[in-house]
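Visitor: could you look at this predicted model? Sequence included:
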Amino acid sequence: MANQKYDIQGMTCSACSASVQKSVSNISGVTAVQVNLLTHNMVVESDSGLALNDQIVQAVRDAGYDAAPALSRSQAGQSARVMESPVDRAEKELAGMRVRLLVSFAFLLPLLYLAMGHMFKWPLPGFFHGTANAMNLAFTEFILLVPIAIVNGKFFRIGFKTLFRGRPNMDSLIAIGSSAAILYGIFAIYRIGFGLGHDQTDIVSHYLMDLYFESAGAILALITLGKYLEARSKSRTSEAITKLVNLAPTTATILRDGSEVDIAVEDVRVGDTVLVRPGHSIPVDGIIVEGLTSVDQSALTGESMPVEKGPGDKVAAATINKSGFIRFEATKVGDDTTLARIIALVEEASSSKAPIAKLADKISGIFVPVVIVIALAAAVIWLLTGATAEFALSIGISVLVISCPCALGLATPVAIMVGTGKAASHGILIKSAEALEIAHAVDTVVLDKTGTVTEGKPQVTDLVVFADWTEDVLLSLAASLEKPSEHPLAEAIIKHAEQKQTAIRAVSQFTSVPGRGLKAVIDDREYLAGNLAFMQEHGLATDQTGPIGDALAAQGKTPLYFADHNQILGLIAVADVIKPTSLQAIRRFKAMGIDVVMLTGDNQRTAEAIRSQLDIDRVVAEVMPEDKEREIRRLQDSGRKVAMVGDGINDAPALVRANVGIAIGAGTDIAIESADIILMKSDLLDAVTALQLSKSVIRNIKQNLFWAFFYNTVGIPLAAGIFFTLLGWKLSPSFAAAAMSLSSVSVVTNALRLKLFRPRHQIIP
C-alpha cells in the first residue's frame, strides 16, 4: 500500500469533497480516499502508488475540479511551495476573493440603488423615470450586473460542470438560481421592448418591477462576501501548523573537510557534523558529540524550562540552543525529523474524518439533488395554485440559494483542525479525527506505572543512619561500594552522590552476590551492602533496623543496608518516584467520572503502595505486556470505552488494543506507530488535557451540526413559501443569499471559539 497526497482546487462545500471522493474511489487499485474540504487536499491509498497519479488527477478533473500531486518537504525543502501550505495558499485565495468582493459590491450598490430607487423615492436622473425610459433603466441594470457575473464566473463554470456530470454541488445551486434570475431579467427586457413598441404600458410597468437583475447580483455578491469571511476565518485555523513550519531554520552550519560550511537545511545528510552556536535554532535531529548547553524545547514539548544537554544527548530540529556551542551528528533529516513528523501528524489529523463527519458527508452528498427537486416542485406547485410566474420563480430561486450546504460541510472539519492545532500547541499530537472523537467517550483510563505514573528511573528517597555517622559519610560509603556494580539501584546511589558532590573512594576485593548484595574493602576494612536477608546471613542484628526497612518497603521503596562485620551502619531507600503531576491528573480523571486502573509488571507490594498514595481505583500487578492487552480487552468486553496510557514500547499491544492509545514520552517510533495520541511531555496531566479537549471539540461539532441542520430545516420551508398563505412570510432571493452566507460564517466562528480552550487542572483536594 502507498499513500499519495494531492492538492485540490475548486472545492467549496462538502458535496464537492464527496464528489471528488466518489470519483477517485472508482479507480481500480485505489483502496481509500480522504478529501479535506478545509485544507483543499486529498490523501489516496492505493496498491500502485505513483503509477495511478495521472488517473487520479483525471478523475478529479472529471468531477469538475483540478488536482496536482503535493510535494513532500524533502522534495521541496523550504521552498515557497511548502511554505504555501496551508496559510499562504489561504492568503492567495483570500486576495483573489477580495478582488471579487470589491468588484461585486462596486457594481451591486448602484444596481440596488437603481432597482430600489423608485420604491424608496430616491433621487434618480430623469432619463430613468417613467415607462418611456423603462428600457434605459432595465438595460443599465443589466450592464451593472454583467461585471458581477463575470468576476464570479467560477460559480457558473463549476456549478454547471458538476451538474451536467450528475454530481451537483453548492455552486450548482448558486449557478441555477442566479442564472434563472438573469435569464428571466433578459426575458423581461424583451417584454419591455415589446410593450414600448406596441404602446402597451401595462406590460412595461409589470416587467419593470420584475427584472430580478438585482437579485442575481445580490446572490453572487453576498455569497462571495460569505465566502470571503469564511476564508478569513479558515486561514486562522491552520496557525498551529504554520508556526511549526516557520520554526525550522532554512540553513545549517556543518563541518566539511575541516571547514565550516553554511548549506540549505534540506542538503544536510545523516552523519554530517552540525555546528550550532548559542541563540541559534537546531536545524535537524541529532546526538551531541561535543559541548554542553541548555536547549529550549518549548516549541515542540511545551516545557517552559530549558533542558541541560551534553555529549550523548539527543537534540531535535527547531529547538533553540540557549547557552553553549555544540557539535552534533545528524541522525534524522528532512521528513524524518521530529518537527516534520509532528507537522505530518497534525496535517493527517486535520485531513482525516471523524465518524460524525462521515455522516455529514453522506447527508450532503444527497442533499443538493434533493434541494433541486424541492425547488422545482415548489415553483411548479405555486404555478398550479395560480401564482404568477415571477412569484414561482422567486420561490424556486430562494429555495436553491438558502439550501446551500456550506455550513453542513464546514461543521466538522473546521472544529477538527482548530482542535488538533490547539492540542499541538499544548504538546499533544492527535493522529486522527477518529481518535479525537472517540476520546470524548472514554470512561476508563488504564495507566502503566513505570515512566507514566512514575519517573521511570530509580532515585534515592531516604538516608537513615544507625551508627555514629553523618548522612554524607554514609552516602560516600554507599557510592564507593556501589561504583563497581552494574545494578540499576547502584546507578541511583552514585548519581545522588555526584549531585551532592560526595567523595567516592576506591575499593578492592569487590565481590557481588546475586540476589543478595556485595562485599568490598575500603581502606583495609571490609564492608557489606545488600538486602535484609544478606545482613542476617552475616549474623548482624536487625531487630531495630528491620522494621524501618519494612516500613519503607511498604511505601514501594527498596531499602539497601550498609554494614561492616560488627553492625549495620545505615540504609538507603531507592524508589521509582511518583511524578509531581500524577496525583493531580488521577484526581482530575476521577472528577471527570473516569475510572482509573493501573497495570504494572512490578510486584504487588510496590504496586499497592503506589495505588494507596495516588488513590487509584484498582491495580493489577505482576503482568506481562500480553497480560495488559488481555486486561484492556476484558474491560472492553464489559462495555467500557478504554484509554491506555503508556510509554509506547512494552505497552504497544495494549496501546493498539485500547479504544484510544495514548503514548506518554514521545520520540520512539513504536510510540508513534502504536498510539492514537502522543504526549510530547512526559506529563500525565496532558492526557487529561487531551480528553478535555476531545469533549470540547465534539461539543463544538454537535453545536455546528445542530445549527446547520436547524437552519436548513427552517430555511427551506420558509423559502418555499409554506408560511406565505398563513402569515404572509416570503423570503426574497437576496435575503436567502445573505442568510446562507451568514450560516457558514457563524459555523466557522463558533469553531474558532476552540482557540479559547484552556485545560482545567485546578487543585482538587
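Guide: Great, that's in hand. Numbers count the residues shown, from 1 in each chain.
Visitor: next one: the helix or strand in which Leu475 is found to chain centre, how far?
Guide: Per DSSP states H and E: Leu475 is located in helix 471-482. Put simply, helix 471-482 sits 51 Å off its chain's centre (Cα atoms, centre = their mean, to the nearest Å).
Visitor: next: stretch 251-267.
Guide: How far stretch 251-267 lies from its chain's middle: 34 Å, per Cα atoms, centre = their mean.
Visitor: what does that stretch rub up against?
Guide: Stretch 251-267 has contacts (Cβ atoms under 8 Å, 6 or more residues apart in numbering) with 73-74, 77-78, 248-250, 268, 272-277, 283-284, 327, 330, 333-334. Every C-beta, even on glycine, is put in place using the N, C-alpha and C of the backbone.
Visitor: now the end-to-end length of that stretch.
Guide: Using Cα to Cα, to the nearest Å, the end-to-end distance of stretch 251-267 comes to 9 Å.
Visitor: select the helix or strand of this structure having the lowest average pLDDT value.
Guide: helix 80-83 (a mean of 39; mean pLDDT, DSSP states H and E).
Visitor: chain center to the next helix or strand after that one: distance?
Guide: Downstream of helix 80-83, the first helix or strand assigned by DSSP H and E is helix 89-120. Distance of helix 89-120 from its chain centroid, counting by Cα atoms, centre = their mean, is 35 Å.
Visitor: which residues of the stretch 151-300 of the chain fall in strands?
Guide: 251-256, 259-264, 273-276, 285-290, 293-296 (DSSP state E, counting those that start in this stretch).
Visitor: make JSON lines from the ones you listed and add mean neighbour count and mean pLDDT to it.
Guide: Shown next, in JSON lines, are the strands of the stretch 151-300 of the chain (neighbours: other Cβ atoms under 10 Å; pLDDT from 0 to 100):
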{"stretch": "strand 251-256", "mean neighbour count": "17", "mean pLDDT": "89"}
{"stretch": "strand 259-264", "mean neighbour count": "11", "mean pLDDT": "89"}
{"stretch": "strand 273-276", "mean neighbour count": "21", "mean pLDDT": "92"}
{"stretch": "strand 285-290", "mean neighbour count": "19", "mean pLDDT": "92"}
{"stretch": "strand 293-296", "mean neighbour count": "20", "mean pLDDT": "84"}
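Visitor: contacting residues around the helix or strand in which Ile586 is found?
Guide: Using DSSP H and E, Ile586 sits in helix 582-591. The contact list for helix 582-591, computed with Cβ under 8 Å, 6+ apart, reads 445, 447, 453-454, 596, 613-617, 683-685, 687-688, 691, 760-761, 763-764.
Visitor: go through those and flag which are in strands.
Guide: The strands, defined by DSSP state E, take in 445, 447, 454, 596 from those.
Visitor: need the contact list for the first one.
Guide: Which is Val445. With Cβ under 8 Å, 6+ apart, Val445 has these contacts: 589, 594-597, 642-643, 645, 687.
Visitor: let's have those residues in a markdown table, adding neighbour count and distance to Leu752.
Guide: Shown next, in a markdown table, are these (neighbours: other Cβ atoms under 10 Å; distance: Cβ to Cβ, whole Å):
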| residue | neighbour count | distance to Leu752 |
| --- | --- | --- |
| Phe589 | 24 | 29 |
| Ile594 | 18 | 28 |
| Asp595 | 17 | 34 |
| Val596 | 22 | 33 |
| Val597 | 20 | 37 |
| Val642 | 24 | 32 |
| Ala643 | 30 | 27 |
| Val645 | 31 | 30 |
| Ala687 | 26 | 25 |
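Visitor: how about stretch 627-647: buried residues?
Guide: 628-629, 631-632, 635, 640-647 (16 or more other Cβ atoms under 10 Å).
Visitor: and it, end to end?
Guide: Stretch 627-647 has an end-to-end distance of 16 Å (Cα to Cα).
Visitor: so how far is Gly193 from Thr131?
Guide: From Thr131 across to Gly193, the span is 12 Å (Cβ to Cβ, to the nearest Å).
Visitor: try Leu429
Guide: 67 Å.
Visitor: before we move on, what about Val57?
Guide: 48 Å.
Visitor: for Leu560, same thing?
Guide: In terms of Cβ to Cβ, Leu560 sits 106 Å off from Gly193.
Visitor: more neighbours: which of the two?
Guide: Comparing Leu560 with Gly193 by other Cβ atoms under 10 Å, the one with more neighbours is Leu560, at 26 against 17.
Visitor: the more buried one: what's it in contact with?
Guide: Applying Cβ under 8 Å, 6+ apart to Leu560 gives the contacts 478, 489, 493, 517, 529-531, 571-574.
Visitor: quick one: the helices in the stretch 251-400 of the chain?
Guide: Here the stretch 251-400 of the chain has its helices, by DSSP state H, counting those that start in this stretch, at 298-301, 338-351, 355-384, 389-402.
Visitor: what residues does the helix or strand that contains Met535 touch?
Guide: Counting by DSSP H and E, the element that carries Met535 is helix 532-537. Contact partners of helix 532-537, identified using Cβ under 8 Å, 6+ apart, comprise 513, 516-517, 528, 542, 545-546, 549, 559, 561, 563, 568.
Visitor: same thing but 6 Å
Guide: Residues outside helix 532-537 that contact it (Cβ atoms under 6 Å, 6 or more residues apart in numbering) are 516-517, 542, 546, 549, 561, 568.
Visitor: between those, which sits nearest Glu91?
Guide: Gly549 (67.3 Å; Cβ to Cβ).
Visitor: what residue ranges in the stretch 651-765 of the chain score low on pLDDT?
Guide: Residues of the stretch 651-765 of the chain meeting the criterion pLDDT under 70: 665-673, 732-738, 740-741, 762-765.
Visitor: can you map out the helices along it?
Guide: According to DSSP H, counting those that start in this stretch, the helices that the stretch 651-765 of the chain contains are 652-657, 669-674, 685-719, 724-727, 733-752.
Visitor: which residues are in contact with stretch 186-199?
Guide: For stretch 186-199, with Cβ under 6 Å, 6+ apart as the criterion, the contacting residues are 134-135, 138, 203-204, 207, 210-211.
Visitor: need the buried ones from those residues selected in ChimeraX.
Guide: Paste this into ChimeraX to select the buried members of the contacts of stretch 186-199, with burial taken from 16+ other Cβ under 10 Å:
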select :134,135,138,203,204,207,210,211
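Visitor: buried ones among the contacts of stretch 251-267?
Guide: Of the members of the contacts of stretch 251-267, the ones counted as buried by neighbours, 16+ other Cβ under 10 Å, are 73, 78, 248-249, 268, 272-276, 283-284, 327, 330, 333-334.
Visitor: which pair of the residues you listed spans the longest distance?
Guide: Arg73 and Arg327 (25.1 Å).
Visitor: walk me through the domains of the protein.
Guide: For the chain, the structural domains run 2-70, 245-332, 335-440+682-765, 454-578, going by automatic domain parsing.
Visitor: in TSV: the ones you listed, plus distance to Arg98.
Guide: Shown next, in TSV, are the domains of the chain (distance: least, Cβ to Cβ, whole Å):
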stretch	distance to Arg98
domain 2-70	17
domain 245-332	24
domain 335-440+682-765	16
domain 454-578	54
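Visitor: right, and those - which one's nearest Phe107?
Guide: For the domains of the chain, the distance to Phe107 is smallest for domain 335-440+682-765, at 14.8 Å, taking Cβ to Cβ.
Visitor: pull the distance from the closest one to the chain's centre.
Guide: 17 Å.
Visitor: what is the neighbour count of Thr511?
Guide: Neighbour tally, Thr511, other Cβ under 10 Å: 11.
Visitor: got the contact list for it?
Guide: Lys519.
Visitor: so which strand or helix has it?
Guide: Per DSSP H and E: strand 508-513 holds Thr511.
Visitor: Arg760: how many residues sit nearby?
Guide: By other Cβ under 10 Å, the residues close to Arg760 number 12.
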